[in-house]
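Asker: one predicted model, sequence on top.
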Amino acid sequence: MLRLFAVLVLSGASVQADITYYFGGTLSSAFGTIPAGTPFNGSFSYAYPQLPTDIIDRYPYMQFAEYILHDLNFSIGSEQFRLFNGSGEVHMRVGNKAVYGPYFEKDVFQIWTETYSGGLGGEFFSLFRLDLTEDNGLAFSSTSLPSGNMRVEHFTTASISFGSYFGPYSGGNLTYLIPEPSSLSLLLAGGAVLMAGRRRSFK
């Protein structure tokens, strides 16, 4: 495996890895029998780098580059849900002011899915959305997928919402958003070491 990675790095080939983010917060309003203030947490992952699968251009309000999400998990109280595992309808989008301004004045990272149907707190639960918004367009420099550096403090608002089309809706603000330094960091670090070794061998 290491030999294969060395060949890829030294040959200049593109190396792709999964980036995973963990998030959490507390519920801002009750959802069925689940009271406000209940902690929630979850995770999502995507391959990096990847090219957008589509450009959503609904001038001037919704203009995003859309990408493929690998996995989405959500837990609240004692309830745990795997909301997406590669099938069903899901959208992961990046919007950037520098690309889409002056009408689209914000930077946006968004995950929206309706891949799960079931009960939660005695209510029907089928929709989930994660929104990260920076009101001044300072979070992203393009519509490329973030390379593993997003944090709650980078955004004006960071929140989740969930519910159903015809039932109650709830959600809450994120108190943390933490990237896992696993595969991407190891690949980048390994590449740096290998390239440094290669440079020394030519001196």
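Answerer: Structure's in. What do you need?
Asker: what is the nearest residue to F84 once chain neighbours are set aside paired to in the beta sheet?
Answerer: Spatial nearest neighbour of F84, excluding adjacent residues (C-beta to C-beta, 6 or more residues apart in numbering): L72 at 4.0 Å. The way it works is simple: take the backbone N, C-alpha and C, and place the C-beta from them, glycine included. For L72, the beta-bridge partners under DSSP bridges are F44, F84.
Asker: Y22 now?
Answerer: S43, I178.
Asker: would you check that the residue nearest to F84 makes contact with F44?
Answerer: Yes - look at L72 against F44 with C-beta atoms under 8 Å: they come within range, at 4.7 Å.
Asker: intersection of neighbour lists for the two?
Answerer: I111 (C-beta atoms under 8 Å, 6 or more residues apart in numbering).
Asker: buried ones in stretch 39-53?
Answerer: By neighbour count on 16 or more other C-beta atoms under 10 Å, the buried set for stretch 39-53 is F40, N41, G42, S43, F44, S45, Y46, A47, Y48, P52.
Asker: now swap in stretch 152-165 and tell me
Answerer: Counting neighbours by 16+ other C-beta under 10 Å, one finds that the buried residues in stretch 152-165 are V152, H154, F155, A158, S159, I160, F162, G163.
Asker: let me have these in CSV, extended by pLDDT and secondary structure.
Answerer: Putting the buried residues of stretch 152-165 into CSV (pLDDT from 0 to 100; DSSP: H, G, I helix; E, B strand; the rest coil) gives the following:
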residue, pLDDT, secondary structure
V152, 96, helix
H154, 94, helix
F155, 95, coil
A158, 97, strand
S159, 97, strand
I160, 97, strand
F162, 94, strand
G163, 92, strand
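Asker: most widely separated two among those?
Answerer: H154 and G163 (26.7 Å; C-beta to C-beta).
Asker: show me where the chain has its helices.
Answerer: For the chain, helices defined by DSSP state H occupy the ranges 2-10, 97-100, 183-201.
Asker: quick one: which of these has the weakest pLDDT on average?
Answerer: Mean pLDDT per stretch puts helix 2-10 lowest among the helices of the chain, at a mean of 40.
Asker: near G25, how many other residues are there?
Answerer: For G25, the count of nearby residues is 20 (other C-beta atoms under 10 Å).
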